[in-house]
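A.B. asks: Below are the sequence and a predicted model; questions follow.
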Amino acid sequence: PKGVMVNAYSILTDEVIDKYRNSGGFTMLSSGRDKIESEEQFQMAVETARANQLDGLIVIGGDDSNTNACVLAERYAAEGLTT
């Protein structure tokens, strides 16, 4: 979730994806063990969603990623975001 906390993102075009096709995604998207836990981190994630007018967010990963997705969904709903 670091990207949503620091407003870092990539636009995945066919050209970008083709460079990594059939090779896994860690080098393309990165991997981390960040967790959204503090109020400041939640607020940064809310600001990112608003600044980019996000109407969706795709979270890729395992159990920690799913946990982060759940807490983000709850927070975004509480903030009235459609993300």
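C.D. replies: Arrived safely. Numbering: from 1, shown residues only.
A.B. asks: quick one, what contacts the closest residue to G56 other than its chain neighbours?
C.D. replies: Excluding its sequence neighbours, the residue lying closest to G56 (C-beta to C-beta, 6 or more residues apart in numbering) is T83, at 6.3 Å. C-beta here means a position set from N, CA and C on the backbone, and glycine is covered the same way. T83 makes contact with A49, L54, D55, G56, L57, Y76 under the criterion C-beta atoms under 8 Å, 6 or more residues apart in numbering.
A.B. asks: residues contacting the residue of the chain positioned farthest from its centre?
C.D. replies: Using C-alpha atoms, centre = their mean, the residue of the chain lying farthest from its centre is N22. It sits 22.3 Å away. N22 makes no contacts at all, as judged by C-beta under 8 Å, 6+ apart.
A.B. asks: Ok, I36 next?
C.D. replies: By C-beta under 8 Å, 6+ apart, the neighbours of I36 are P1, V4, M5, F42, A45, N68, V71, L72.
A.B. asks: Relative to T82, how far out is N68?
C.D. replies: For N68, the distance to T82 (C-beta to C-beta, to the nearest Å) stands at 19 Å.
A.B. asks: Could you check which of those two is surrounded by more residues?
C.D. replies: Taking other C-beta atoms under 10 Å, N68 and T82 do not tie; N68 has more neighbours (22 against 10).
A.B. asks: Need the phi and psi values for the more buried one.
C.D. replies: Main-chain dihedrals, N68, degrees, to the nearest 10: phi -60, psi -40.
A.B. asks: about what we covered before: what's the closest of the contacts of I36 to D18?
C.D. replies: Using C-beta to C-beta, V4 comes nearest to D18 of the contacts of I36, at 25.4 Å.
A.B. asks: Report whether the expected contact of the closest one with V46 is present.
C.D. replies: No: taking contacts as C-beta atoms under 8 Å, V4 lies outside contact range of V46: 9.3 Å.
A.B. asks: Name the next helix or strand following the helix or strand of the chain with the lowest mean pLDDT along the chain.
C.D. replies: Between all helices and strands in the chain, the lowest mean by mean pLDDT, DSSP states H and E belongs to helix 26-29, at a mean of 73. Downstream of helix 26-29, the next assigned helix or strand under DSSP states H and E is helix 39-51.
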